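> Give me a model of this one.
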Amino acid sequence: MINYLAHMIQDIEDREFDRIIEQASVPVLVEFWQPGCGHCHALLQELELIQAEVGNRLFIVKMNVQENVLIPGELEIQSLPTLALYVGGKFEKFVGGIGKKNALLNQLADWISPTS
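Numbers count the residues shown, from 1 in each chain. Okay, here's the model as predicted:
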């Protein structure tokens, strides 16, 4: 069972990526990041605020691209941080990068509204 209400955003690895994305009953937002990336850290703080606000309507995970190369390679990720949204087990879209909480929530609104 996937814990959507974890207080911290969970790390995800290449080997478990497909299973987690496919089993999720809510949209999944993935932050691709690497250690030492200041923008990645700033975005993670905004994502933690989003997770606290939307609760179980969105599952947010993060993937370290230095430790995992398969999925970032498949998505041709070239800049960090990168956010990818998955809905119904399939890639939906990239979400605009290093925004603040409200800007990111606006981009996600169609997938995380209380009636969706």
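> can you pull the buried residues of stretch 41-55?
Leu43, Leu44, Glu46, Leu47, Ile50, Gln51, Val54 (16 or more other Cβ atoms under 10 Å). Using the backbone N, CA and C atoms, a C-beta is placed for each residue, glycine as well.
> which residues touch Cys37?
Leu80, Pro81 (Cβ atoms under 8 Å, 6 or more residues apart in numbering).
> Can you tell me which of the buried residues of stretch 41-55 comes closest to Leu80?
Distance to Leu80 across those (Cβ to Cβ) is lowest for Leu43, with 9.2 Å.
> Need the nearest residue in space to that closest one, chain neighbours excluded.
Pro81 (4.7 Å; Cβ to Cβ, 6 or more residues apart in numbering).
> Please tell me how far Asn106 sits from Gly99.
Distance from Asn106 to Gly99, counting by Cβ to Cβ, to the nearest Å: 9 Å.
> same question but for Gly73, I mixed them up
When Gly73 is compared with Gly99 (using Cβ to Cβ), they lie 25 Å apart.
> more neighbours, the two?
Gly99 (15 against 11; other Cβ atoms under 10 Å).
> so who does the closest residue to that one other than its chain neighbours touch?
Among residues not flanking Gly99 along the chain, Glu46 sits closest, at 7.2 Å (Cβ to Cβ, 6+ apart). The contact partners of Glu46, by Cβ under 8 Å, 6+ apart, come to Gly99, Lys100, Lys101, Leu104.
> All good on my end, thank you.
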